[in-house]
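*Asks:* Dropping a prediction and its sequence here:
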Amino acid sequence: MSTDAPRFRVALARDAAEVEAAQRLRYEVFVEELGGDGPLVDHAARLERDRFDPVFDHLILRDMSRGGAVVGVYRLLRAEGAARAGQFYSEDEYDLAALRASGRRLLELGRSCVARPYRGGEALYHLWQGLARYVERHEIEVLFGVASFHGTDVEALAQPLSLLHHRHLAPTALRVRAREGHFQRMDLVPEAEIDRAVAMRAVPPLIKAYLRMGGCVGEGAYVDHAFNTTDVCLVMDTARLSARQRALYGGGGGE
């Protein structure tokens, strides 16, 4: 490889082998590292998968300095794919009526993860650039998807959940809501009692990235005991991105 060749390359999975590579990285992160599980997780083959994988597009980040090893993945679902599946993935946890009624072009994001050695570096930036190209190509207007805190102890997450509720709640027109029966209120601490520095340190990097881009959260959290996570639903209106945010989100670089 020449010294000026790009280290990272982002592209959609083209075949079953590439989807499996994404599922293998998901297993390393969501199952081995975070303790998740699910009915279709294949422990013998070390694959984290579910029934929605066939209808999602899989955005894959490769490290070309390591022979194209898959080091980051994102799962993307447009309305057309959701129609084939009968629903969006996050509709098991959230009522998406507000988004569906908006009449805008929707894209659900999910299963985003980066291999441990690449966190805090360029990897997420390159994934975001690949996502930006996909959004532009398909004229997407609203991005949304479930993002997770590790663990199911809601009291331990009271500060960050309350911060998200009080400071980053989605506008009514885009405000999805955790489904009844699983609704976990997020306003656990009065706004005046939130220690913002402590709360933000507890917010996972991916959620922070969405907030920096102008993202917001739906009402209520969903405690997922099978995956050992507490989930929030993030929503981002691409029309509200500032020029600076657009440059960060869709700026140079690429395949």
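*Replies:* Cool, the structure landed. Model, not experiment: these values are computed from the prediction.
*Asks:* Count the neighbours of residue 180 for me.
*Replies:* 8 (other Cβ atoms under 10 Å). Just so you know, the C-beta spots here come from the backbone N, C-alpha and C atoms, and that holds for glycine as well.
*Asks:* Distance check, it against residue 35.
*Replies:* 27 Å (Cβ to Cβ, to the nearest Å).
*Asks:* Likewise for residue 81?
*Replies:* Relative to residue 35, and taking Cβ to Cβ, residue 81 is found at 29 Å.
*Asks:* Neighbour count for these two, which is higher?
*Replies:* residue 81 (18 against 12).
*Asks:* wait, that one sits on residue 53?
*Replies:* No: using Cβ atoms under 8 Å, residue 81 makes no contact with residue 53, being 10.8 Å away.
*Asks:* The stretch 151-255 of the chain: helices as residue ranges?
*Replies:* For the stretch 151-255 of the chain, applying DSSP state H, counting those that start in this stretch gives helices covering 158-168, 196-201, 205-212, 243-250.
*Asks:* Of all those helices, which one is nearest residue 24?
*Replies:* helix 205-212 (19.8 Å; Cβ to Cβ).
*Asks:* Quick one: residues in contact with the closest one.
*Replies:* The contact list for helix 205-212 (Cβ atoms under 8 Å, 6 or more residues apart in numbering) reads 112, 119-120, 124, 128, 147, 164, 168, 200, 203, 232, 234, 236, 245, 248.
*Asks:* Show me which positions of that helix end up buried.
*Replies:* In terms of neighbour count (16 or more other Cβ atoms under 10 Å), helix 205-212 has its buried residues at 206, 207, 209, 210, 211.
*Asks:* Now tabulate these in CSV and tack on distance to residue 95.
*Replies:* Formatted as CSV, the buried residues of helix 205-212 follow (distance: Cβ to Cβ, whole Å):
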residue, distance to residue 95
206, 23
207, 20
209, 25
210, 20
211, 22
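*Asks:* now, which of these sits nearest residue 17?
*Replies:* Ranked by distance to residue 17 (Cβ to Cβ), those are led by residue 206 at 26.3 Å.
*Asks:* Can you tell me the SS state at residue 60?
*Replies:* strand (DSSP: H, G, I helix; E, B strand; the rest coil).
*Asks:* Then residue 30?
*Replies:* Secondary structure for residue 30, judged by three-state DSSP, is helix.
*Asks:* who are the neighbours in contact with the nearest residue to it once chain neighbours are set aside?
*Replies:* What sits nearest to residue 30 in space, not counting adjacent residues and going by Cβ to Cβ, 6 or more residues apart in numbering, is residue 36, at 4.3 Å. Residues counted as contacts of residue 36 (Cβ under 8 Å, 6+ apart) are 30, 48, 226, 227, 228, 229.
*Asks:* In three-state terms, label residue 36 for me.
*Replies:* coil.
*Asks:* What separation is there between it and residue 43?
*Replies:* 12 Å.
*Asks:* cool, and residue 100?
*Replies:* Distance from residue 100 to residue 43, by Cβ to Cβ: 36 Å.
*Asks:* what does residue 206 give?
*Replies:* Taking Cβ to Cβ, one finds residue 206 at 25 Å from residue 43.
*Asks:* Next: residue 130.
*Replies:* With Cβ to Cβ as the criterion, residue 130 and residue 43 are 30 Å apart.
*Asks:* out of the two, which sits in the more crowded spot?
*Replies:* Between residue 130 and residue 43, residue 130 has the larger neighbour count (other Cβ under 10 Å), namely 23 against 11.
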